Structures are given as structure tokens and as C-alpha cells.
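# Would you be able to build a 3D model of this:
(one chain, ligands or ions: 2)
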Amino acid sequence: MTKDRRSKGWYGKLDKDGFIHRSWMKNQGFPDHAFDGRPIIGICNTWSELTPCNSGLRDLAEGVKRGVWEAGGFPVEFPVMSLGETQMKPTAMLFRNLLAMDVEESIRAYGIDGVVLLGGCDKTTPGQLMGAASVDLPAIVVSSGPMLNGKYRGKDIGSGTDVWKFSEAVRAGEMTLKDFMNAESGMSRSKGVCMTMGTASTMASIVEAMGMSLPTNAALPAVDARRMALAHLTGKRIVEMVEEDLKPSDVMTKDAFVNGILANAAVGGSTNAVVHLLALAGRVGVDLDLTDFEIGSEIPLLVNCMPSGKYLMEDFCYAGGMPVVLKQLQDNGHLRAAKTVLGGDITAYADGAECFNEDVIRSFEAPVKPAAGLRVLRGNLAPNGAIVKPSAASDHLLEHEGEAFVFESIEDMKANIDREDLPVTAETILVLKGCGPKGYPGMPEVGNMPIPRKLVTQGVKDMIRVSDARMSGTAFGTVILHVSPEAQAGGPLALVKTGDRIRVSASGGELELLISAEEMEARRADWTPDAPHYTRGYAKLYIDHVLQADKGADLDFLVGKDTRPVTRESH
Ligand code: FES
Ligand code: MG
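Ligands and ions are numbered 1, 2, ... in the order given. Have a look, this model is predicted:
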């Protein structure tokens, strides 16, 4: 034993407890010297065949192990709950906090000194980071990486984004159901996460900008051999991080969060980043609120990827990836000094980055769109805020006043949206209730409700939609999301009636329900919440303790961290 490492409390003891910890591990064929006091590195894996986006993580874990052994550490891989965005009902978001608990308690209970987080699909990255931040052992991320570009009939098609487009085309009678079904296999043709700038690649880009992964982690395709090399290098680096005692709280400072927000604007990232960063900040103890996201609102859209642009993640990688974006931010005086997992400053990720395709990664002088960051809206309809993503919206709808058409629930919306006699026009504002954290529960990605069929067939491609839901990072449209407080928590959204007028101003940051305060109070006196959809198990715990969207939808008792050593033995 050279150092007083955390793992010494398990494997360095010359007594009955040490015997138990070592002997049972030796049943896997580990030699004595694996327990000689070297850093023990957990590899926290969200691999699962039910999370197709993370199905490559078994291979990447082997790459991490090579690096850990090479650097003189001892790698031990362990599974945690995996969240498959496209497979879980009612929504993977319901389980993000459960994954975070699984990660936190696994790290804390086992005799490891540092951890490599293997995630990728939307909720897996924030869930793992939240859990790791609450224990605060040295930690670093390796992401799944995006799938190869989707292909259909000789054209590139993007995960999610083209599903929404194709399904509207089918509803408008412009695409046959057979062609629609045929596009399935071409869209997803390798391991990896959605290859649009959806939530997975957004979170990986933010993680890189925050310095929690090695450079180039966000964009390298899942099946590119260089990702395996990156996993190897990450395994080497985590051993050094343990020696340096470089912890998540040293890296994820307020400045790092600001860099993440700026990067999110520059890449045209997902609105989901908002709830994830707010929750993560709550874990690390960084003071971040919705207003901080306005720091990014003047940043131009640089990365020309779907859903806000036209290319895909493979193109972004070959153009130079996140280091180029960081260099642009740095050259234009936006990037803040912040420590990374390499121990130096984030500027080291940007230094020397070269852009190989200036249409894919634009400059500040020739952006895809100016001022692309998210806008925060407030008003009597969203006292605690709501958000909209201008880069994915229609400019003419960002300042608009119109009549509301209200759906009281997701079932109401699905049953009625395609009614030929639905009394709506392109100017109508569609309102959906009951899709917030408590209401659904789990705040699903349904905020981008379909355009009513009667309008789709007239050629209407976008209209304002307002809800307490989220939307997929691959989705687009003038969609106002995360209205807080949500309807089920008694927010004013619950009180909107069909025919009310609503005013939206993205430039003014306004979301107003144009009724009097007296009328609002009268309606409130009449209102009662719906009975909860779940009355037992984790879902009940979630409904009883989830915070609202403007606080990141974490569970109230999970905010913060507990870094105390675990002293009591198992036997
Ligand atoms: Fe898993 Fe998009 S569904 S990354
Ligand atoms: Mg998603």
C-alpha cells in the first residue's frame, strides 16, 4: 500500500473484512497484485440491448480497461439501469433520477477510487453525471458516439428529425405508408446515438465543452476506431485523475456550466439540456437558474446540423467537431476559463483546432442563424418560466398573439387532433396540459404535438404549441415548452380555456394569458388536480418529490451531495 486511497478501506485490510472483499473478487481470476494499492477504477456502464443507442458500450468498456491497466490501475466494470429513450414508457425521463440514484449509490457502496461513465442515449448522460456529482469521486465521461448518417433513397436522413417530417408527409398524403416503413432500416444503420443534434449529441457536446470528457468525444461516430482509442486514452487518464484527486466539483464550476450553455447555443442543441443542466448544477452546488440560459441567447448557430440545420453528426465530426466550436467561441471572446478533466484549461481543447468544412461548422461572421440560443419566456401563463428554441422555430411565430385551443390531456389531443371539424387555423395556439413532471408523470417529449390534419393538408408546417412537456432534441417548430409551474401542480396553464387569447414574444421574453387577474382567480377557485396516475413504487416517490422544470425536475431529496466515507462493514 503506497497511498491512503479510498479503495484501501475495502482491499487493503489485513483482517476478516479484507479477506472477504479480496477473496470473492479473486473468483474472477484477478491476481494478488490487482489489490496492491493501485487505483481501482469503476466503469459505470449503461450498456443494454434495450437501449440501442448504448449497445456499443460493451466494446468501449474493453478500450477503457486497456487504458486503466496500462496506467497501473485496476478496472472493474459494473452495470447500472439503462434508459432507452425510444423504448421506455411512459417516458425515459421518469427514470433519469432513478438512474442517478443507482449510479450514486453504486459508486458510494463499492471500493472504487474513480469512475468512467459510459453513457450516450439522452437521459443516460445527465443521469450518470448527476449521480457521480453527488459522490464527487474523480469521474470522466466516454459517450456512445453517434450512429453513421441515415440513408434512404440516396439521401441522408436524420434520426428523429426525418421521422417527424415523414410522419407529417404521410398525414398530408405526400408519402405512402410503405415508403415510410421502408425508411426505418436506413435511418438506423449502425450502433450509436441519434446522429442529429438531438439530446444525446447535445449532452455529449455540452459535456465536452464543460471539460468532463476528453476532446473530440462528442462527435466521433460510435463505430469509428478512433472512439475505441479515445476510450483507451480515457482509461489512462482516469488513473492519473485519481492520483491528482481531480473531482467533478473541480471541473463543473459555474464557468464550466456557462461554457456548456454557450456551446448548446452554438451547436443548436436540445431544449432538454436546460432541465439536465439545472438538475446537475443542483447536485454540484453551482448556483444556476433559468435566467443563466439567456447568456447564450446572442450566440449564433454555428453547427449546421439537423434539426436546426441540414447536416448530420458524421459531417460534424469530419469537419472538426467540438474543438472547432470551442475555438470559435474562444476567438470571439466567449469561452470562459475553466478546468477540465485533463487538469488544464478548456482553451487547450480549442487550441489548434482546424475547420475542414465551413458549411458544416460556420464562423461567427457567417452563421447558420444569428442569436440562436434558447429564449426564456415568463408571464402570467408561466410565472416560473418556459422556454423556446428560436433556431428550430419559425421567425414569424416568435412574436404572435392568437386564440388558444386547449387539449386537457395527451389522450384528448390524440383523439381529436385530426378531426376535420377542429376549429383551428394556422394562427391558433395549441395548448396541451398534464404533461409536466408530476402530471404525466415524467415530463415526456410530447410538446411538439402534430399539426392538426386539416391544416397539414392545407400546407401548414408550423404553429405555436404551448405545454408543460418537453420535446425531443431532434424535433423542430415554434414549440413553447417546460411551462412552470405545470398544470398538475396548479400552474396557470391548468386554467387556460379554448378561446382565450395568448400573447407570445420571444424578443420580449413574454408568455401572457390575456385574461384579468379576477378571472384567473375565479377559475383557480374552481380547479382541482387530477388523481395521480401511479400510487405505488418509484413512480409514486417521483410524483411526491419531483421539482418543477425550472429546478431541473430532480427529486427534492437528491439535491446536493454526500461525500462522507462509508465506514460500516457488510459483515
Ligand atoms: Fe437514444 Fe436518440 S434515442 S440517442
Ligand atoms: Mg429525446
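# and N332, how many neighbours?
In terms of burial, N332 registers 14 neighbours under the definition other Cβ atoms under 10 Å. Backbone N, C-alpha and C define where each C-beta goes, glycine included.
# how about the helices in the stretch 251-400 of the chain?
Using DSSP state H, counting those that start in this stretch, the helices of the stretch 251-400 of the chain run over 254-267, 272-284, 313-318, 322-331, 347-350.
# how about the ones you listed in CSV, adding mean pLDDT, mean neighbour count and distance to R568?
Below are the helices of the stretch 251-400 of the chain laid out as CSV (pLDDT from 0 to 100; neighbours: other Cβ atoms under 10 Å; distance: least, Cβ to Cβ, whole Å):
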stretch, mean pLDDT, mean neighbour count, distance to R568
helix 254-267, 97, 26, 35
helix 272-284, 98, 26, 24
helix 313-318, 98, 24, 46
helix 322-331, 98, 23, 43
helix 347-350, 98, 19, 42
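# I'd like those written out as CSV, with distance to ligand 2 added.
Compiled in CSV, those are given as follows (distance: least, Cβ to the ion, whole Å):
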stretch, distance to ligand 2
helix 254-267, 15
helix 272-284, 6
helix 313-318, 15
helix 322-331, 20
helix 347-350, 26
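# Need the contact partners of the lowest-mean-pLDDT helix or strand in the chain.
The element with the least model confidence among the helices and strands of the chain, by mean pLDDT, DSSP states H and E, is helix 161-171, at a mean of 91. With Cβ atoms under 8 Å, 6 or more residues apart in numbering as the contact definition, helix 161-171 has outside contacts at 150, 152, 175-177, 180, 183, 187, 196, 198, 306-307, 418, 448, 450-451, 453, 456-457, 461, 474-476.
# out of these, who's near ligand 1?
G198 (Cβ under 6 Å from any ligand atom).
# just checking, which of the contacts of helix 161-171 belong to helices?
Where these overlap with helices, as defined by DSSP state H, the overlap consists of 177, 180, 183, 187, 453, 456.
# Can you tell me which of those residues is nearest A132?
Distance from A132 was checked for each of the ones in helices among the contacts of helix 161-171 by Cβ to Cβ. The minimum falls on M187, at 32.0 Å.
# Pick the one among the ones in helices among the contacts of helix 161-171 closest to ligand 1.
The closest of the ones in helices among the contacts of helix 161-171 to ligand 1 turns out to be M187 (Cβ to the nearest ligand atom; 11.1 Å).
# sec struct for I107, please.
With DSSP: H, G, I helix; E, B strand; the rest coil as the basis, I107 sits in helix.
# Could you give the backbone dihedrals for the nearest residue to D315 once chain neighbours are set aside?
Here the nearest residue to D315 in space, its sequence neighbours aside, is V360; by Cβ to Cβ, 6 or more residues apart in numbering that works out to 4.9 Å. For V360, the backbone dihedrals (degrees, to the nearest 10) come out as phi -80, psi -50.
# Please shift the residue numbers so they start at 19 in all later answers.
Renumbered: residue one is now 19, and that last one reads V378.
# how close does V378 sit to ligand 2?
Using Cβ to the ion, to the nearest Å, V378 is found at 23 Å from ligand 2.
# doesn't V342 make contact with that residue?
No. The pair V378 / V342 is not scored as a contact, 9.2 Å apart, by Cβ atoms under 8 Å.
# coming back round to it: ok, so of the ones in helices among the contacts of helix 179-189, who is nearest ligand 2?
The shortest gap between ligand 2 and any of those belongs to M205, at 14.7 Å (Cβ to the ion).
# tell me the contacts of the closest residue to that closest one other than its chain neighbours?
Distances taken as Cβ to Cβ, 6+ apart place G168 nearest to M205, at 4.2 Å, with adjacent residues excluded. Counting by Cβ under 8 Å, 6+ apart, G168 makes contact with 174-177, 180, 204-207, 213, 330.
# Compare those and tell me which is most surrounded.
Using other Cβ under 10 Å as the neighbour criterion, M213 leads these with 37 neighbours.
# thought that residue was touching D174?
No. In this structure, M213 sits apart from D174 without contact. The criterion is Cβ under 8 Å, and the distance is 9.1 Å.
# shared neighbours of these two, which are they?
167-168, 330.
# Go through those residues and flag which are in strands.
G168 (DSSP state E).
# if we look at ligand 2, which of the shared contacts of M213 and D174 are close to it?
Applying Cβ under 5 Å from the ion, the subset of the shared contacts of M213 and D174 adjacent to ligand 2 is empty.
# picking up where we left off before, ok, so what distance separates the residue nearest to D333 from M215?
Computed as Cβ to Cβ, to the nearest Å, the V378 to M215 distance reads 11 Å.
# do R586 as well
Using Cβ to Cβ, one obtains 46 Å as the distance from R586 to M215.
# interface residues of this structure facing ligand 2?
When proximity is defined as Cβ under 5 Å from the ion, the chain approaches ligand 2 at 103, 140, 217, 490.
# Out of these, which is nearest to ligand 1?
For these, the closest approach to ligand 1 (Cβ to the nearest ligand atom) belongs to E103, at 3.6 Å.
# in a helix, that's where the closest one is, yeah?
No. Checked against three-state DSSP, E103 lies outside a helix; its state is coil.
# Okay, now the unreliable bits of the stretch 469-589 of the chain?
Counting by pLDDT under 70, the stretch 469-589 of the chain contains no low-confidence range.
# now the strands for it?
Here the stretch 469-589 of the chain has its strands, by DSSP state E, counting those that start in this stretch, at 483-485, 497-498, 519-523, 528-531.
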